[in-house]
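Participant: next come a sequence and a model predicted from it.
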Amino acid sequence: MKLILSRKGFDSIYGGVPCPILHDGRLCYLPIPDYNRRSPPQFQNIARTGYDVGQLVDNLSRGKLSARTSIHLDPDLRKEDYPRKRGWRPCFGQCSVAQSHLDRMGVGPGDLFLFFGWFKAAEQHAGKWRYVKNAPDLHVLMGWLEIDKKLVGTNLVNTAPNWAGDHAHVRYSKLYHDNNTLFIATKSLQLFPELKLPGGGLFPMLHPRLQLTDGSRGRSVWRLPQCFAPRPNAPPLSYHADPKRWKRVGKDCLLHTVGRGQEFVLDTDYYPSVNQWLHKVFKCNAR
C-alpha cells in the first residue's frame, strides 16, 4: 500500500493564514479560496456546528477573505459541509506536476491519502475570531481518503458519477491539464474494517497523534516514529531521500520536510510497521 501525506487547506499563498484550532480542540479545515470564480460553493455555504465559517474566515484573514469568497472544496471529505446528491462519497482531485508525481509513484486504488495542513489555535474575543497570542504554528493531520476509484481525463463531467458533478475537477475538468484526476473514496475504510470508519473523512479533534510538528522547532520539522526513517534497499518517503533531513531521537525521528511539494509518498510494503502507527492514528478520534 502507498501512503500519501498530502498538504492541503490554507497556506501562505492560498488563504494566507492558518486553519484554526478552536478553543475546545476542534480542527477547522478550511478549503482554499478560488479567486477565479464568483459562484458557489462559497465560505458562507459551508455548514459547521457551533460556528459560522464565513465570519471565521473574514475575522482571521482581517477582511482579505469574506463569507462570499468562492472556494475550491477539495479534498471534499465531510458530507455535512455542503448539500449532496444521493450516493455521494468523499473525493479528491489532482492534476499537473503533483498528479504526475502520484502517477510515477503508482498511486491508485487501495492506497491511502492522509491530508495535513497548517493549523493554529484560535479564540473568540469581543465577538470576533483571532489567533491565540504566541500559539505555535503546526502541521496537523486533518483527514483521510482511501482510494476506491481513480478517474482520469478532461471529460470527467461525462464519465464521473452523477453525485460528483459539483466537484471542481469534474465541473471544470476541461480547464485542467490532461492528467486531471479524481480519486473516489471507498464506502468504508478497508485498511482497518474493525474500526467501522468511512473511506474518507475529517478528524474532528486535535490529538497528539495527529500533530506532525515537533514542539518549537517550526512547523516544517516533524516528529515521526522511527518506522518512517529511510532504510537500505527501500524507497524513502518521496522528496525526502536526503539522509541529512532525518535524525533519530529516542524511539522517534525528526524530519526536516521540504518547503515545496504537495504529495509525499511512502510504500508501506517496505515499511510495514507504519501500519501500526496508522491504526493508532485512526483509533484516536476518527468518526
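Facilitator: Done, it's in. Numbers count the residues shown, from 1 in each chain.
Participant: for Val53, see how far away the residue lying farthest from the centre of the chain is.
Facilitator: Largest separation from the mean C-alpha position in the chain: Ala126, at 31.3 Å (Cα atoms, centre = their mean). As judged by Cβ to Cβ, to the nearest Å, Ala126 and Val53 stand 20 Å apart. Just so you know, the C-beta spots here come from the backbone N, C-alpha and C atoms, and that holds for glycine as well.
Participant: any idea how many residues pack against Val281?
Facilitator: Here the count is done by other Cβ atoms under 10 Å, and Val281 has 18 residues near it.
Participant: and it, that's in a strand?
Facilitator: No. Val281: not assigned to a strand; according to DSSP: H, G, I helix; E, B strand; the rest coil it is helix.
Participant: from Arg104, how far out is it?
Facilitator: From Val281 across to Arg104, the span is 26 Å (Cβ to Cβ).
Participant: go on, Arg223?
Facilitator: 28 Å.
Participant: what are the ranges of the helices in the chain?
Facilitator: 53-60, 96-104, 156-159, 168-171, 274-285 (DSSP state H).
Participant: for the second one, which outside residues touch it?
Facilitator: By Cβ atoms under 8 Å, 6 or more residues apart in numbering, the list of residues contacting helix 96-104 from outside reads 4, 94, 176-177, 179-181, 238, 261-263, 265.
Participant: same check on the first one?
Facilitator: Contacts made with helix 53-60 from outside it, assessed by Cβ under 8 Å, 6+ apart, are listed as 17, 20, 28, 30, 42-44, 46-47, 65-69, 122, 128-131.
Participant: which residues touch the closest residue to Pro198 other than its chain neighbours?
Facilitator: Using Cβ to Cβ, 6 or more residues apart in numbering and skipping residues adjacent in sequence, the residue nearest Pro198 is Ser188, 6.0 Å away. If a contact means Cβ under 8 Å, 6+ apart, then Ser188 has 196-199 as its contacts.
Participant: if we use 10 Å, what do you get?
Facilitator: 146, 148, 195-199 (Cβ atoms under 10 Å, 6 or more residues apart in numbering).
Participant: show me which of these is closest to Ala135.
Facilitator: Leu197 (29.5 Å; Cβ to Cβ).
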